[in-house]
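Trainee: I'll drop the sequence and a predicted model, then ask my questions.
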Amino acid sequence: MRNSKRQMSLHDTYNDVRTAIEEGKPELIVLLEKHINFRELIPAEFYWAFYRRNGRPREYSLEGFIKLFVLQRIIGIEKDSTTITVLKMCRELREFCGFDDICDVPDASKITRFKQDFVFYIQKVFENLVEITEPICREIDSKKADYLIYDPTGIKAYVAENNPKFMNAKLTQAKNLSKQTPGLKPHILVYSLLPDTSAANPFVKQQYINGHYCYAHKAGILTNGLGIIRGISFFDDDFRRRHPEIVVQKSDNPELDKEIGDSVSLKPVLTDFFMAHPTFSYKTFIGDSAFDKIDNYTMLRDDFRFGRVAIPLNPRNSQNAHTDYDSNGTPICPIDKTPFTFLGKSGGKNRSLRFKWVCHKSEPIGRNRICTCDNPCTESSYGRCTYTYPDKNFRLYPGIPRGTEHWDNLYRHRVQIERTINIIKDPLGAASRKSFSQRTAKADLLLAGITQLVGVVLADAINKRELYKSIRKLVA
């Protein structure tokens, strides 16, 4: 408490008022102002593109727009109109974005126009944040940060074809046609009746995602083993122009169409990612069975230098497997078909890498092993022993033995990308934006990724790295 006998100066009064104002700020604003320098996050080329001479000065600052988008996603506001209302009602949030007065808050059309005009540079902001957060990820957990996980996803567009009434109308039409042709299944016929693109926007393609039809924008997402987003590739016309080798195929099987799309997108997505970040390298790649293709294994090993590839074998691709091996590539007993026991890596200085396997009935006794089989298939007391060579078949032996506990523990990290995609879509609002524009959808997806990475930078700055996954927990 200040001494009542001491005369207060103008300087003291100013300090008291300033302290009262600063202490009245929301914790979110205090943390962002103190620890996040948005000027450093925005590349110089974005400033040049935004402020270049266009006949009149800019009414709003570039940092103001970026701050607005980050706040919008942290708070969880879905509509731009609601964001504008919140900014007009909250002076602290408005001043943080650099809007001095209520009249200075941009309207919804300016917000949408900004995203559409500068989506290319918004991606540059995202890539800059990926570079900034990469060493932070390595410090949090160097092992998990060395995993690269990939999975495509779809962002539903706000078009009439996504209305349940549209799908029900097509199903009714298919049922009427099936009555005229006995044996024709309506649920299979409805797939051929659906248009390939939306009538309102030809860039919104028909997709088969998570077991149902929809019309969506498709994108490829890359994360590390920590679940921190590393790359976003939006499958728009620019992406197709950069990769003319992509051929879109359509069959009578929606599940097969989805699988083909995922597998074909793998190489272009990784190519763009490593071109944007040429200094990055990862030891392990993780993906689902949609990528189980011999060419993909060779490409991942030779072109992108992955030492381990954790992709489950697709049963459709394993019909002609060797009889001495199971579907995981594990040697099996020729008598009872039981998998052999993995004993580890083997090989000397001048010998190729190989994995050692021994009969499951060979038990360690002292320093040796003794086969306890009643009907042994070999005269050796050690039991049958065999080796597999990863370099000879990288699909069956992708740097780590399939079917082992080590394999299961590694592949379990693939759930991280599912969680990250859910965070990007739901809490950060990438899937709740009511827009059918391709450029706006791409910008919204990138801004959701930017917000997650801002949370990683903030968690590192305040020494709460354990909360890197959720920026909302940092400011709660």
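Mentor: Structure received.
Trainee: what residues of stretch 154-172 count as buried?
Mentor: When neighbours are counted by 16 or more other Cβ atoms under 10 Å, the buried residues of stretch 154-172 are found to be 154-159, 161-162, 166-167, 170. Where C-beta positions appear, they are placed from N, C-alpha and C, glycine not excepted.
Trainee: which regions of this structure lie under the pLDDT threshold?
Mentor: Across the chain, the ranges flagged by pLDDT under 70 are 1-25, 53-56, 187, 211, 247-260, 316-323, 347-352, 391-392, 475-476.
Trainee: now, which of the buried residues of stretch 154-172 lie within helices?
Mentor: Using DSSP state H, 166-167, 170 are the members of these that sit in helices.
Trainee: closest to Phe342 among these?
Mentor: Met167 (48.4 Å; Cβ to Cβ).
Trainee: neighbours of Pro278, just the number please.
Mentor: 7 (other Cβ atoms under 10 Å).
Trainee: for it, which residues are in contact?
Mentor: When the contact criterion is Cβ atoms under 8 Å, 6 or more residues apart in numbering, Pro278 has no partners at all.
Trainee: wasn't it part of a strand?
Mentor: No - if the criterion is DSSP: H, G, I helix; E, B strand; the rest coil, then Pro278 is coil and not within a strand.
Trainee: that older thread, restricted to strands, list the buried residues of stretch 154-172.
Mentor: Judged by DSSP state E, the subset of these located in strands is 154-156.
Trainee: for Ser362, state which of these is nearest.
Mentor: Gly154 (49.6 Å).
Trainee: partners of the strand of greatest length in the chain, with directions?
Mentor: Of all the segments of type strand in the chain, defined by DSSP E, the longest one is strand 212-224. Pairing partners of strand 212-224, with direction, according to DSSP bridges: strand 147-156 (antiparallel), strand 205-209 (antiparallel), strand 229-234 (antiparallel).
Trainee: next, the distance between the ends of stretch 194-201.
Mentor: When the termini of stretch 194-201 are compared using Cα to Cα, to the nearest Å, they are 15 Å apart.
Trainee: and it, how far out from the chain's middle?
Mentor: 26 Å (Cα atoms, centre = their mean, to the nearest Å).
Trainee: likewise for stretch 191-201?
Mentor: In terms of Cα atoms, centre = their mean, the centre of stretch 191-201 is found 27 Å from the chain centre.
Trainee: who's in contact with it?
Mentor: With Cβ under 8 Å, 6+ apart as the criterion, stretch 191-201 contacts 157, 159-161, 170, 173-174, 203-206, 213, 215, 250, 252, 254, 436-438.
Trainee: so how far is Ala49 from the residue nearest to Leu447 when sequence neighbours are not counted?
Mentor: For Leu447, ignoring the flanking residues on the chain, the nearest one in space by Cβ to Cβ, 6 or more residues apart in numbering is Phe69 at 4.7 Å. Applying Cβ to Cβ, to the nearest Å, one obtains 17 Å for the distance of Phe69 from Ala49.
Trainee: so which of those two has more stuff around it?
Mentor: Between Phe69 and Ala49, counting by other Cβ under 10 Å, Phe69 is the more crowded of the two (25 against 15).
Trainee: does Thr386 touch Cys333 like I think?
Mentor: No - counting by Cβ atoms under 8 Å, Cys333 is not a contact partner of Thr386; they are 10.6 Å apart.
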